[in-house]
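1. sharing a model that was predicted from the sequence below.
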Amino acid sequence: MKNSHPFSNFFYSLSGSLVIMEKDARIYYIKPPVIIFGILFPLFFFLAFALGRKVSSFILIPGMVSMSLFFTSSSVGPLITPWERTARTYERLLTTPISLFSLILGDAMAGFIFGILISLIPLFLGFTFFNVKVVHPFCLIGNMLLSSLCFSSLGVALSSSATEAPSQAMMLSSLVRFPLIFISGIFIPLNNLPNWGKIIATISPLTYTTDLLRFSLYDDGFYPIFLDLLMLVIFSILFFGLALKLHKKNLIKAI
Amino acid sequence: MDKYKLAPEFGGERKTTQEDKIAIKVSGLTKYYGDFLALDRINFKVEKGQIFGFLGPNGAGKTTTIRILTGILIPDKGKAEIMGIDVTKDPIGAKKIMGVVPEVCNVYTDLSAWENIILAGKLYRVRKGERQKRAKQLLQKFDLIKIKDEKTKKLSKGMRQRLILAMSLIHDPEILFLDEPTSGLDVKSTHMIRKILQELKLKGKTIFLTTHNIEEANLICDKVAIINRGKIVAFDTPERLKSAFKRTQSIEVSFDRMPSDIKWVEDIPHIDRYQILGDKLRLYTPDPDIVIRELTKYTEKNKLRFVSLSTLGPSLEDVFVKLTEEKETKL
Ligand SMILES: Nc1ncnc2c1ncn2[C@@H]1O[C@H](COP(=O)(O)OP(=O)(O)OP(=O)(O)O)[C@@H](O)[C@H]1O
Ligand SMILES: [Mg+2]
């Protein structure tokens, strides 16, 4: 009765991730920390940056979309595992036939879907009120998918520290996420940055997301798109690998 | 696949070797937490269709053992096989055929009882039709069907534990692991859980449970192992364990008024130890006859009346105390 065919194993794994994703969506999308960090934060950032100044839609829309991709995708991950540990549902979950890989993939997928859905809002606001047009549709779609996956993996990696209560995990995750916003060229186009700014900006994945959005919507990118996409792939693998490693390490510390 | 093989009754190959009868096989299992040795080369086998009780004082290593058997912890040395599957090598394969109720766990309080059990079904990849049918049957069986759509926040502890047990049975597992399933529950829930465990046994399922409740082990377990400080100190049927300790019989006595000074008890010959239990006095002795004679003399002299007098064989509790005590004094 062994399920050893590689394909059936693959689908068995994937079906597990989908169940996890569905569970996460039902339970965690509506938790206050997720609403605050995933929806209200990008909104406040937007207000803080955009209001009271003359900001062109060229800056505003790509900035807003990449910010909601970033904040919303990475808002679910940090909450899930600490919450399950505190609520005592984690050990039961670990006894079900779901590998740690599928579990983490499921958590990442939950952030991924949430990020995509919420970031469609500023995108459509741009279409409707700012006359934004999509110049490179495939690049836009590819960017949104890849960036969302990258940031949701970051979120999951931030959830794994063993002893943190949910609130502490959210705090820690903000400590990591805010600098990534400030150093990226999210509200200032890269070629307006001084040289040191350009160099620092390269270490934030958000830089590439924003750059790709400017390219997709205004045909005006700073880096070659191939490089942007490659960097996002590298960051995704890095964050997902980190999530896997940290979860494995902290697995039983605080069941 | 197995399904299409003929059963022995119909001329199929009869293959019942020793190994086929074994549900759990543990050999040389060792686990360290840092420098602390939590399990020290433990060995045991559990036969299919048995209720196996794992007894031990706090911190003995029961939960550690169960966590290794259920694929959550990885042992430092040794091997654990569930139905012939090595848990460390194929954890997913092993997890598919087991149901687990961890020591401290909860349901998702944001979901209803129904949603919780359906989620469990999905996690075990039970097909939709089957999942709904079994979920309904199980909720009925555990007397939870009336509250199936209520948020589980409101459920009592006993109801929640019953729901967790129902969830662990959604995929009709061959083997069930329960870590102190009845601790802290009221009589109704405890009885219901014990009854269902016995029904499962009759269906040929194997059950591994840990407990502090020695009476529970005595009542429902076919075999027990007693673990102390990471070592198995006894392994047998409850009856045989008790008879191995025949030496420790006891006499329970109560008088119309309890003598305030109890020192005289120590002068009675052949008393191993004694205990005051409420208004009763319990005396442990290999020779009840002499002790009863001495007690009678004492009551006559002091003008006391017996209210009750009974002799008891060794209880599993005595065995347990004796075994776990001996180990400690040796150290
Ligand atoms: N994660 C851990 N890190 C360090 N030590 C641990 C850890 N888990 C358990 N221990 C220690 O290992 C020993 C065995 O623990 P275990 O939980 O297996 O005992 P138990 O028999 O289940 O006890 P109880 O009856 O209290 O549930 C204990 O001394 C405990 O302190
Ligand atoms: Mg325990």
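-> Right, received. Where do you want to start? Residues are numbered from 1 along each chain as shown, chains lettered A, B, ... in the order given. Ligands and ions are numbered 1, 2, ... in the order given.
2. switch to C-alpha atoms for all contacts and neighbour counts from now on
-> Will do.
3. show me the shaky parts of the stretch 1-150 of chain A.
-> Within the stretch 1-150 of chain A, the stretches with pLDDT under 70 are A:1-6, A:50, A:52-54.
4. list the contacts of residue B:147.
-> Applying Cα atoms under 8 Å, 6 or more residues apart in numbering or on different chains to residue B:147 gives the contacts residue B:113.
5. if I look at it, how far off is residue B:237?
-> 39 Å (Cα to Cα, to the nearest Å).
6. again, but for residue B:26
-> Distance, residue B:26 to residue B:237, using Cα to Cα: 18 Å.
7. repeat that for residue A:12.
-> 41 Å.
8. one more: residue A:30?
-> Counting by Cα to Cα, the gap from residue A:30 to residue B:237 is 52 Å.
9. who has more neighbours out of the two?
-> residue B:237 (17 against 13; other Cα atoms under 10 Å in any protein chain shown).
10. which residues touch that one?
-> For residue B:237, the contact set (Cα under 8 Å, 6+ apart) comprises B:221, B:222, B:223, B:224.
11. ignoring the adjacent residues along the chain, who's closest to it?
-> Closest residue to residue B:237 apart from its sequence neighbours, by Cα to Cα, 6 or more residues apart in numbering or on different chains: residue B:223 at 4.3 Å.
12. just to check, residue B:211 is in contact with residue B:53?
-> Yes: Residue B:211 is within contact range of residue B:53, at 7.0 Å (criterion: Cα atoms under 8 Å).
13. more crowded one of the two?
-> residue B:53 (28 against 20).
14. doesn't residue B:212 make contact with the more buried one?
-> No: at 9.8 Å, residue B:53 does not count as touching residue B:212 under the criterion of Cα under 8 Å.
15. rewinding a little: find residues that contact each of residue B:211 and residue B:53.
-> Counting by Cα under 8 Å, 6+ apart, the residues touching both residue B:211 and residue B:53 are residue B:217.
16. go through the helix or strand where residue A:151 lies and flag the buried ones.
-> Under the criterion of DSSP states H and E, residue A:151 resides in helix A:137-157. Within helix A:137-157, the residues that count as buried by 16 or more other Cα atoms under 10 Å in any protein chain shown are A:139-140, A:143-157.
17. so which of those also contact chain B?
-> Residues of the buried residues of helix A:137-157 in contact with chain B (Cα under 8 Å from any Cα of the partner chain): none.
18. around chain A, pick out the residues from the stretch 1-150 of chain B.
-> By Cα under 8 Å from any Cα, the residues of the stretch 1-150 of chain B that approach chain A are B:1-2, B:70-73, B:91-93, B:95-96, B:100-102, B:104-108, B:110-111, B:119, B:122-125.
19. now do 6 Å
-> Contacts of the stretch 1-150 of chain B with chain A, taken as Cα under 6 Å from any Cα of the partner chain, map to B:92, B:95, B:96, B:105, B:106.
20. give me the neighbour count for the third one.
-> In other words, residue B:96. 20.
21. residue A:98 is in contact with that one, correct?
-> No: between residue B:96 and residue A:98 there is no contact under Cα atoms under 6 Å: 9.2 Å.
22. low-confidence stretches in the stretch 101-250 of chain B?
-> For the stretch 101-250 of chain B, the ranges with pLDDT under 70 are B:243-248.
23. can you give me the strands for it?
-> Listed in chain order, the strands of the stretch 101-250 of chain B (DSSP state E, counting those that start in this stretch) span B:175-179, B:206-211, B:223-228, B:231-236, B:249-255.
24. partner strands of the shortest one, with direction?
-> In other words, strand B:175-179. strand B:98-101 (parallel), strand B:206-211 (parallel) (DSSP bridges).
25. hmm, the shortest one touching ligand 1?
-> No: counting by Cα under 6 Å from any ligand atom, ligand 1 is not contacted by strand B:98-101; separation bottoms out at 13.3 Å.
26. what comes up buried for that strand?
-> So for strand B:98-101, counting by 16+ other Cα under 10 Å, buried means B:98, B:99, B:100, B:101.
27. tell me the one of these nearest residue A:82?
-> Residue A:82 lies nearest to residue B:101 out of the buried residues of strand B:98-101, by Cα to Cα, at 20.4 Å.
28. residues in contact with the closest one?
-> Applying Cα atoms under 6 Å, 6 or more residues apart in numbering or on different chains, we find residue B:101 in contact with residue B:178.
29. roughly how far apart are the residue nearest the centre of chain A and residue A:236?
-> What sits nearest the mean C-alpha location of chain A, by Cα atoms, centre = their mean, is residue A:151, with 2.4 Å. Distance, residue A:151 to residue A:236, by Cα to Cα: 8 Å.
30. same thing with residue A:208?
-> Residue A:208 is 12 Å from residue A:236, by Cα to Cα.
31. and the angle from the helix or strand hosting residue B:65 to strand B:175-179?
-> Here residue B:65 is covered by helix B:62-69, with elements defined by DSSP H and E. Counting by axes from the mean of the first three to the mean of the last three Cα atoms, to 10 degrees, helix B:62-69 points 150 degrees away from the direction of strand B:175-179.
32. what angle do helix B:62-69 and strand B:223-228 make?
-> 120 degrees.
33. residue boundaries of the helices in the stretch 201-331 of chain B?
-> B:214-220, B:238-243, B:288-302, B:316-330 (DSSP state H, counting those that start in this stretch).
34. correction: the previous question concerned the stretch 1-150 of chain A.
-> Using DSSP H, counting those that start in this stretch, helices in the stretch 1-150 of chain A cover A:6-28, A:32-35, A:41-50, A:57-86, A:90-94, A:100-129, A:137-157.
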